[in-house]
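Q: build me a model:
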Amino acid sequence: MSTWETLADLPVEIEDYALDPLQATVSSDFERKSTLVRLHGADEEGIGEDVTYDPIDHDILQTAGPTLPLAGRFTLASFSARLAELSLFPAPPQREVSSRYRTWAYESAALDLALRQARTALHDALGRQPRPVRFVVSLRLGEPPSLEPIRRRLELYPGLRFKLDPTSSWDERLIAELVATGAVDSVDFKGLYHGSVVDQPADPILYRRVAEAFPQAWIEDPALTAETDAVLAPHRDRFSWDALIHSIEDIQSLPYPPRMVNIKPSRLGGLRNLLDAYDYCAERGIGNYGGGQFELGVGRGQNQYLASLFHPDAPNDVAPTGFNLPDPPADLPSSPLLPAPAAVGFRWG
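A: Numbers count the residues shown, from 1 in each chain. Modelled structure (predicted):
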């Protein structure tokens, strides 16, 4: 039985739902908005989080309110099929991937509600034991780049590990300072983003400097041109892929057989897609780690919960949200996160 099949027939009763706005300024210097989806039924509530990136998509959704015809008795499989029949956006979204983010919000809320109505927790339903979750903190170092964001966090948390976004403005001095920290587990070249605030064009000089400076770090999402591919050829066993990964087919289509992929639950878009991807990787010995989307609410804990069940020892980009603040507080949990699943449902802590 596949992992999805263990959950597909779980019943869920939905009476109505509500939407709650969330908003915060995060470390990448932008105002993050998200929307909590709260499904109600049989005196229980299931919660998911819509992590669509464009603020206008949240504004339109929250203004329209809960207009979808979601009431009824379903299984998780039939609820997923019902969602696929509906338009989840009152107006067309700013980008295509947002439909996956919103689908995940409703399906994760339905999973939480179904488990709570069944009086069981996700790990019990799957027959898996939650384990401590190793995490990294994902950061950009500003323009002009500075070691200060790293130094500030290491002063509070000396054992912290990082996933960094190199840019062409990184010089040899900064790279040497980063190497000296010994705290970099992965580097994300952001080479597969286009039209976003984090775009980083293919840069063979940067790629060579960073790949050689951090010989143990995972190399995520390089933009492969004839020149950069040649530069990175000795390091292909450290490639990891993120922005491309929406399905098993995307894993199969990668330019080189992967040793590691970043599986973001919201980017996979639905429970079946996510769980089938976990199974696919496990069957083929492909490592995976979880990725965050600057969640502001329950979504981050749900990512941590999944990491505890499927890839706890990987460099999971699921640090507690406080690490994303410009000035993190001094009382955040350290890595690895101790297991903290709720007694019932799909919630962490």
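Q: give me the neighbour count for Thr225.
A: Close neighbours of Thr225, defined as other CB atoms under 10 Å, add up to 15. Glycine gets a C-beta too; all of them are placed from N, C-alpha and C.
Q: need the nearest residue in space to it, chain neighbours excluded.
A: Residue nearest to Thr225 in three dimensions, not counting chain neighbours: Ala202, with 4.9 Å by CB to CB, 6 or more residues apart in numbering.
Q: element containing that neighbour?
A: Here Ala202 is covered by no helix or strand, with elements defined by DSSP states H and E.
Q: contacting residues for it?
A: 191, 222-225, 227-228 (CB atoms under 8 Å, 6 or more residues apart in numbering).
Q: quick one: pLDDT of it?
A: Note for Ala202: predicted pLDDT of 93.
Q: let me see the ranges of the helices in this protein.
A: Remark: helices assigned in the chain by DSSP state H are 3-8, 55-64, 76-85, 98-117, 122-126, 148-156, 172-181, 204-213, 226-232, 248-252, 265-268, 271-284, 298-310.
Q: between the ones you listed, which gets nearest to Gly48?
A: The closest of the helices of the chain to Gly48 is helix 98-117. By CB to CB, the value is 3.3 Å.
Q: list the helices and strands the closest one packs on?
A: Applying 3 or more CB pairs under 8 Å, 6 or more residues apart in numbering; DSSP states H and E, we find helix 98-117 packed against strand 11-14, strand 31-41, strand 44-50, helix 76-85, helix 122-126, helix 265-268, helix 271-284, helix 298-310.
Q: make TSV from the ones you listed and add mean neighbour count to it.
A: Compiled in TSV, these are given as follows (neighbours: other CB atoms under 10 Å):
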stretch	mean neighbour count
strand 11-14	20
strand 31-41	21
strand 44-50	24
helix 76-85	16
helix 122-126	17
helix 265-268	26
helix 271-284	18
helix 298-310	26
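Q: okay if I get these as CSV plus mean pLDDT and distance to Asp57?
A: CSV is the format used below for the helices and strands packed on helix 98-117 (pLDDT from 0 to 100; distance: least, CB to CB, whole Å):
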stretch, mean pLDDT, distance to Asp57
strand 11-14, 98, 23
strand 31-41, 96, 9
strand 44-50, 98, 8
helix 76-85, 98, 17
helix 122-126, 98, 28
helix 265-268, 96, 14
helix 271-284, 98, 21
helix 298-310, 97, 16
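Q: among those, which is nearest Pro255?
A: Smallest distance to Pro255 across the helices and strands packed on helix 98-117 (CB to CB): 16.7 Å, for helix 271-284.
Q: my read: Gly142 touches Arg152, true?
A: No: Gly142 is beyond contact range of Arg152, at 11.9 Å (criterion: CB atoms under 8 Å).
Q: least confident pick among the contacts of Ala202?
A: Gly191 (90).
Q: for it, give its distance to Glu172.
A: 21 Å (CB to CB, to the nearest Å).
Q: the two - which one has more neighbours?
A: Between Gly191 and Glu172, counted using other CB under 10 Å, the more crowded position is Gly191 (21 against 9).
Q: skip the chain neighbours and tell me the closest residue to that one.
A: In space, and not counting its chain neighbours, Gly191 is closest to Ala223: 2.9 Å by CB to CB, 6+ apart.
Q: next up, the contacts around Thr167.
A: For Thr167, the contact set (CB under 8 Å, 6+ apart) comprises 140-141, 143, 145, 200, 206.
Q: could you flag which of the residues you listed are buried?
A: Neighbour counting by 16 or more other CB atoms under 10 Å classes 140-141, 145, 200, 206 among those as buried.
Q: can you lay out those as TSV showing distance to Ser2?
A: Converted to TSV, the buried ones among the contacts of Thr167 look like this (distance: CB to CB, whole Å):
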residue	distance to Ser2
Arg140	38
Leu141	41
Pro145	44
Gln200	37
Leu206	41
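Q: so Ala211 makes contact with Ala230?
A: No: Ala211 is beyond contact range of Ala230, at 11.9 Å (criterion: CB under 8 Å).
Q: quick one: which of those two has more around it?
A: Between Ala211 and Ala230, Ala211 has the larger neighbour count (other CB under 10 Å), namely 20 against 12.
Q: contacting residues for the more buried one?
A: Contacts of Ala211 were listed using CB under 8 Å, 6+ apart, and they are 219, 231-232, 234-235, 238.
Q: ok, now which ones touch Ser169?
A: By CB under 8 Å, 6+ apart, the residues touching Ser169 are 143-145.
Q: do the same with Gly269
A: Applying CB under 8 Å, 6+ apart to Gly269 gives the contacts 99-101, 103-104, 246.
Q: the nearest residue to it once chain neighbours are set aside: neighbouring residues, count only.
A: Nearest residue to Gly269, sequence neighbours excluded (CB to CB, 6+ apart): Arg100, at 3.1 Å. Per other CB under 10 Å, the neighbour tally for Arg100 reads 20.
Q: no further queries at this time; thank you.
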